Structure formats: C-alpha cells, structure tokens
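A.B. asks: the sequence and its predicted three-dimensional model are supplied below.
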Amino acid sequence: MTASSVARQLGHSFSDPLLLRTALTHRSFGTPNNERLEFLGDGILDCAIAAASLGLGVGGALRLGEGELKSGGALRPSILADALEALFGAIYLDAGFVVAQAAIDKLYAPLLATLKPGEFQKDAKTRLQEWLQGRKKPLPRYQLLEATGAAHEQRFEVACQIESPSLRTVGHGPSRRIAEQVAADKALKELNA
C-alpha cells in the first residue's frame, strides 16, 4: 500500500504532499515525523467525539463535581469526549469488542454514509446555512419532534423549518445532532432539485 492509496481511501487529495509523508513517518525513521501531527489529530478527533457526545445528550447524564457543574463542565468538549470514550470502554468490558464496535458503528455510520470521497466536507447544516445566507434568506430553525426508546437506544425525530422558500423536512437518527443533519440534508436536496 502506498501513501497516495491511503489518502484516496480517506477521500482526501493532499495539496501539500509533505503533510501526507510526514503523517506516515514514525519517529524511528527520523525527522520530520508524525508526533506533532498525531497530537493535533488527537485533538481534532476529541472534538469530533465531543460533538457526537453532545448530540447523544451525554452531558446531561454526566455525574460532575459541584465546581465542574458550575463552570459548565457538562458542555466542555474534553469532558464530553472523555465520557463517550469511557462509554465505549464500558461497553467493551460489559459485552466485548464486537458489541463495542457495533455501538461505535451505530453512532458514526449515518454520518460517514453522507461523506463523498474527494469532496471538501462540510456538514449538511453548514451547507444549508451557507445556501440560505448566500441568497439572503432567514436561517433554518430545528425543532425536536420526538425522542423515543431507552437511553442507550434512543431515536430522535427533528424538523428543519425554512421560511423562504417555505419548506419543512424531517430527519431521524440515533442522536439529535444526526437527526438535524439528516433533516438539513433533505432540505438541501429539495432546494437543489
């Protein structure tokens, strides 16, 4: 396997090939190596995990000390990311790797399915907002219609309402955030049809 084939599988074409080569260089090979990029990537991954954690409502279920509660710890990305990672670890210890992997897949598969390799990736809500702003239209409003199921298997139904042009779409997903993204994606498809 080559570096460029790894990049293709990630769906990204590097404008700076040195970044790709550095990311795939272990410190045992020499410098520059991937240690600094690994540190940066870990932070980015934590932010992405925190966003998923926030969408699941993990912050509301966290047991925090009084100081963290008062300082907004339930919304702090590092705490949310750590909590979601801990949940995956707990699932692994409780039921094994296959079940933990299934939980991770369930959470991320709907988002990953919307990715188009080779395209610059912006989420559907951002693209919808940009579409409306570019036409000087009011921004969409999202409304939670329903949350069903047990805490570990919840399903969310969210409406995306656009004033001009008048449009309402509904999205479903295992988190509120994912349901909002699905509703926004449906709205974009209708607006671009």
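C.D. replies: That came through fine.

A.B. asks: what's the closest non-adjacent residue to Ala183?
C.D. replies: Gly171 (3.2 Å; C-beta to C-beta, 6 or more residues apart in numbering). The way it works is simple: take the backbone N, C-alpha and C, and place the C-beta from them, glycine included.

A.B. asks: looks to me like that neighbour is in a helix.
C.D. replies: No: counting by DSSP: H, G, I helix; E, B strand; the rest coil, Gly171 is not part of a helix but strand.

A.B. asks: Ala187 versus that one, what's the distance?
C.D. replies: For Gly171, the distance to Ala187 (C-beta to C-beta, to the nearest Å) stands at 9 Å.

A.B. asks: so what sits against both of these two?
C.D. replies: Cys160 (C-beta atoms under 8 Å, 6 or more residues apart in numbering).

A.B. asks: Gln161 touches Arg168, doesn't it?
C.D. replies: Yes: counting by C-beta atoms under 8 Å, Gln161 touches Arg168, with 5.2 Å between them.

A.B. asks: quick one: distance of the strand or helix carrying Arg8 to the chain centre.
C.D. replies: Under the criterion of DSSP states H and E, Arg8 resides in helix 3-10. Put simply, helix 3-10 sits 21 Å off its chain's centre (C-alpha atoms, centre = their mean, to the nearest Å).

A.B. asks: what of stretch 92-105?
C.D. replies: When C-alpha coordinates are averaged (C-alpha atoms, centre = their mean), stretch 92-105 and its chain have centres 19 Å apart.

A.B. asks: checking my notes, Phe156 in a strand, right?
C.D. replies: Yes: counting by three-state DSSP, Phe156 is part of a strand.

A.B. asks: can you pull out the helices in this protein?
C.D. replies: 3-10, 17-23, 35-56, 58-61, 66-70, 77-95, 97-113, 124-134, 176-192 (DSSP state H).

A.B. asks: for the residue nearest to Ala183, which residues are in contact?
C.D. replies: By C-beta under 8 Å, 6+ apart, the residues touching Gly171 are Glu157, Val158, Cys160, Ile178, Ala179, Glu180, Gln181, Val182, Ala183, Ala184, Asp185, Lys186.

A.B. asks: can we see that at 7 Å?
C.D. replies: Val158, Cys160, Ala179, Glu180, Gln181, Val182, Ala183, Lys186 (C-beta atoms under 7 Å, 6 or more residues apart in numbering).
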